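Student: Just a sequence and a predicted model for now, questions to come.
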Amino acid sequence: MKTNSPEISCPAEQTTAGTTASTSFTLKGNMGTFGLLFTVLAFTAPLGVVFGFISVNISFGIAVPIAFVGVLLLMALFAVGFTNMSRQIPRPGAFYTYIGEGLGRPLGLGGSFLALVTYGFNIIAAIVFAGIAVKNLVMSFVDTSAVPWWAGALVVLGTVWALSYFNVELSAKVLSTVLVVEVLAVLVFDAVVIGNGGPEGQSFAPWNPANLITPSIGILLLFSVGVFNGFEATAIYRDEVRDPARTIPRATYLTIIFLGVFYAISSYALILSSGVSHAVADAAANPVEMMPHALLTYFGAFANQVIAILLVTSTLASSLSLQNILSRYTHSLAVDGVLPRRLADVHRKHGSPHVAAVMVGAVLLAALVGLIASGISANDLYGAASGVAFYGMLLLLFLTCVAVIVYFRRNRAGVSPWKTFVAPAVAALGIGFALLKASLNMELLIVAPGAVVTVLLLVGYAALAAGAVIALVLKRRGSPVYERIGRRAA
């Protein structure tokens, strides 16, 4: 049976004379450092992290603030190699491009498939959480449970689907506005609680590195690393920023610094709200109620309604950021000819990957409808999807660290050993430790029967292997698509 091969629809073979793939399929934008910063920070949903995740960290030990400082340093070390790759390899594609350059085209394509799966599960988790947030918002004003979670989820998906069609700068404006409001809300909480001192007053214990030495240190660090995802997305917007050689490194480091400081201070405030001697027990007993209880104690019932509104906007912003990232990975694969050429089209007016954005939205809608029809509870869906995304991101970060080291061992481009070996090697050790802990403790990431947990754990590896196999098949066939893997045509 005759089928359409990737070669038939590859972009480079269908460009007209005098037109290259790099010009025909280049995205357009004019974001500066702060526009890019706000765009990737929105992905992390800082309000959602403070409201729903930091209490889980606290349940494993009192030293969460100093753990966040340590993770900040670890991610800064990762960024040293990551940003140097962005300078040495001035092409879009991020993980797809960098893993391919360091570890070869097969793993590069595998890394791109892993990225699609990781960000795909991440946006499903964000949209499901948005549905839960919308339902909770309605219930905070009206005593009813009649609103199904999926109604809000579908509205959020439709909104981000529409916005992703336009120029990235429109998304950046929306994301910047939402992010500033949610960050200010958390900072007000931090200032009030820290100023008050809580029931036991100020304490140095959460900042004491000695308190990290506990049997649960690995799990504590694992969950602390997990909430840093998003900063790596700066490189995917390379074609849509001003002066990418400067903008991308600046935005990457600023994102890491902001997240580290923000989470460290906010976790300290949350610990003080319960009291240092009771915080771990309170978080372990009921992590979901720790932040709401603090809001009621220090701000009253009205604060819960305000936070309920901001959680909806925060998850909307996170979903939009993820939709944009997925669209750009899809666009990059289409430019190289791995995916159909039509997905590589760039909107003449908006400079956006509009066809890829429409396709990604359609796939997400189909997936969401299927999950709704399955009858699985929203909490279970959210937990499973976020766990898979968390694990996939650790795997991507680890592969990128190794790729950086290998690339610069082969290509000594006058960059110092600190930037090309020492920093990425230390980052690889730290992230590898977190990846090992995640592999051994998947039941903490995904609450499900053992067989389901195992299958979900293998999803990322299956995507990685599938991409590698496809690349090897393309190589064996002598396909020009193989030579373009990693946006080499750009």
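Tutor: Yes, it's here.
Student: can you pull out the strands in the stretch 351-490 of the chain?
Tutor: Taking DSSP state E, counting those that start in this stretch as the test, none of the stretch 351-490 of the chain falls into strands.
Student: now the strands for this structure?
Tutor: With DSSP state E as the criterion, the chain has no strands.
Student: In it, where is pLDDT below threshold?
Tutor: 1-24, 144-145, 413-414, 490 (pLDDT under 70).
Student: So which residue is dead centre in it?
Tutor: Central residue of the chain (Cα atoms, centre = their mean): residue 230, 3.8 Å from the mean position.
Student: residues in contact with it?
Tutor: 40, 41, 43, 44, 255, 259, 321 (Cβ atoms under 8 Å, 6 or more residues apart in numbering). Bear in mind the C-beta positions are built from the backbone N, C-alpha and C, glycine included.
Student: please redo it, this time with the cut-off set to 10 Å
Tutor: 39-46, 122, 255-256, 259, 318, 321-322, 325, 393 (Cβ atoms under 10 Å, 6 or more residues apart in numbering).
Student: How about residue 180?
Tutor: 38, 41 are the contacts of residue 180 under Cβ under 10 Å, 6+ apart.
Student: And residue 347, by the same measure?
Tutor: With Cβ under 10 Å, 6+ apart, residue 347 has these contacts: 27, 28, 165, 166, 167, 353, 354, 355, 357.
Student: Contact partners for residue 287?
Tutor: Residue 287 neighbours (Cβ under 10 Å, 6+ apart): 52, 53, 54, 55, 56, 57, 58, 59.
Student: Kindly write the ChimeraX command that selects the buried subset of these.
Tutor: Buried subset of the contacts of residue 287, written as a ChimeraX selection, criterion 16 or more other Cβ atoms under 10 Å:
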select :52,53,54,55,56,57,58,59
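Student: in the stretch 301-450 of the chain, which spans are helices?
Tutor: 301-336, 354-374, 378-410, 417, 423-440, 442-445, 450-476 (DSSP state H, counting those that start in this stretch).
Student: Nearest to residue 116, out of the ones you listed?
Tutor: helix 301-336 (5.7 Å; Cβ to Cβ).
Student: now the angle from the closest one to helix 450-476?
Tutor: Here helix 301-336 runs at an angle of 30 degrees relative to helix 450-476 (axes from the mean of the first three to the mean of the last three Cα atoms, to 10 degrees).
Student: on that earlier part again, need the helices of the stretch 301-450 of the chain in CSV (columns: mean neighbour count).
Tutor: What follows is the helices of the stretch 301-450 of the chain, written out as CSV (neighbours: other Cβ atoms under 10 Å):
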stretch, mean neighbour count
helix 301-336, 25
helix 354-374, 17
helix 378-410, 22
helix 417, 11
helix 423-440, 20
helix 442-445, 17
helix 450-476, 17
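Student: In helices only, show me the contacts of residue 230.
Tutor: 39-44, 46, 122, 255-256, 259, 318, 321-322, 325, 393 (DSSP state H).
Student: Among the residues you listed, which one lies nearest to residue 157?
Tutor: So of these, ranked by how close each gets to residue 157 (Cβ to Cβ), first place is residue 322, at 11.0 Å.
Student: Ignoring the adjacent residues along the chain, who's closest to the closest one?
Tutor: residue 123 (3.9 Å; Cβ to Cβ, 6 or more residues apart in numbering).
Student: burial measure for the one you found, as a count.
Tutor: Residue crowding around residue 123 was assessed by other Cβ atoms under 10 Å; the count is 27.
Student: need the contact list for it.
Tutor: Per Cβ under 10 Å, 6+ apart, neighbours of residue 123: 43, 157, 160, 318-323, 325-326, 360, 364, 367-368, 385, 389.
Student: can you check residue 371 too?
Tutor: 124, 127, 128, 150, 153, 378, 381, 384, 385.
Student: let's see 7 Å
Tutor: residue 381 (Cβ atoms under 7 Å, 6 or more residues apart in numbering).
Student: What distance do you get for it to residue 326?
Tutor: 17 Å (Cβ to Cβ, to the nearest Å).
Student: same check, this time on residue 249
Tutor: For residue 249 relative to residue 326 (Cβ to Cβ), the value is 24 Å.
Student: still on that earlier bit, show me which of the contacts of residue 230 are buried.
Tutor: 39-46, 122, 255-256, 259, 318, 321-322, 325, 393.
Student: Chain neighbours aside, what residue packs nearest to residue 69?
Tutor: Looking at residue 69 with Cβ to Cβ, 6+ apart, the closest residue is residue 264, at 5.5 Å.
Student: now do residue 314
Tutor: Nearest one to residue 314, counting by Cβ to Cβ, 6+ apart, is residue 47 at 4.3 Å.
Student: Repeat that for residue 183.
Tutor: residue 46 (6.2 Å).
Student: wait, isn't the one you found in contact with residue 262?
Tutor: Yes - using Cβ atoms under 7 Å, residue 46 is in contact with residue 262, at 6.1 Å.
Student: Give me the common contacts of the two.
Tutor: Joint contacts of residue 46 and residue 262 (Cβ under 7 Å, 6+ apart) do not exist.
Student: show me what contacts residue 113?
Tutor: Residue 113 neighbours (Cβ under 7 Å, 6+ apart): 463, 464, 466, 467.
Student: Now do it against residue 126, distance only.
Tutor: 20 Å.
Student: quick one: contacts for the residue lying closest to residue 250 once chain neighbours are set aside?
Tutor: Nearest residue to residue 250, sequence neighbours excluded (Cβ to Cβ, 6+ apart): residue 33, at 4.7 Å. By Cβ under 7 Å, 6+ apart, the contact list for residue 33 reads 247, 250, 251.
Student: at 10 Å what do you get?
Tutor: 234, 241, 242, 243, 246, 247, 248, 249, 250, 251, 254.
Student: Just these: which are in helices?
Tutor: 246, 247, 248, 249, 250, 251, 254.
Student: doesn't residue 399 make contact with residue 468?
Tutor: No - using Cβ atoms under 10 Å as the test, residue 468 is too far from residue 399 to be in contact (11.6 Å).
Student: Give the residues shared as contacts by those two.
Tutor: Shared contacts of residue 468 and residue 399, counting by Cβ under 10 Å, 6+ apart, come down to 103, 107, 108, 110, 111.
Student: In helices only, show me those residues.
Tutor: Short answer: the shared contacts of residue 468 and residue 399 in helices (DSSP H) are 103, 107, 108, 110, 111.
Student: Select from these the one having the most neighbours.
Tutor: Going by other Cβ under 10 Å, residue 111 tops those with 31 neighbours.
Student: who's in contact with that residue?
Tutor: Residue 111 touches 93-100, 102-103, 118, 395-396, 399-400, 403, 463-464, 467-468, 486, counting by Cβ under 10 Å, 6+ apart.
Student: Chain neighbours aside, what residue packs nearest to it?
Tutor: residue 99 (3.7 Å).
Student: Look at the one you found and say how many residues are nearby.
Tutor: 33.
Student: ok, so what distance separates it from residue 366?
Tutor: Counting by Cβ to Cβ, the gap from residue 99 to residue 366 is 28 Å.
Student: Could you export the contacts of residue 287 to CSV, including columns for distance to residue 429?
Tutor: CSV is the format used below for the contacts of residue 287 (distance: Cβ to Cβ, whole Å):
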residue, distance to residue 429
52, 29
53, 24
54, 25
55, 28
56, 24
57, 21
58, 26
59, 26
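Student: Specify which member of the contacts of residue 287 is nearest to residue 449.
Tutor: residue 56 (21.1 Å).
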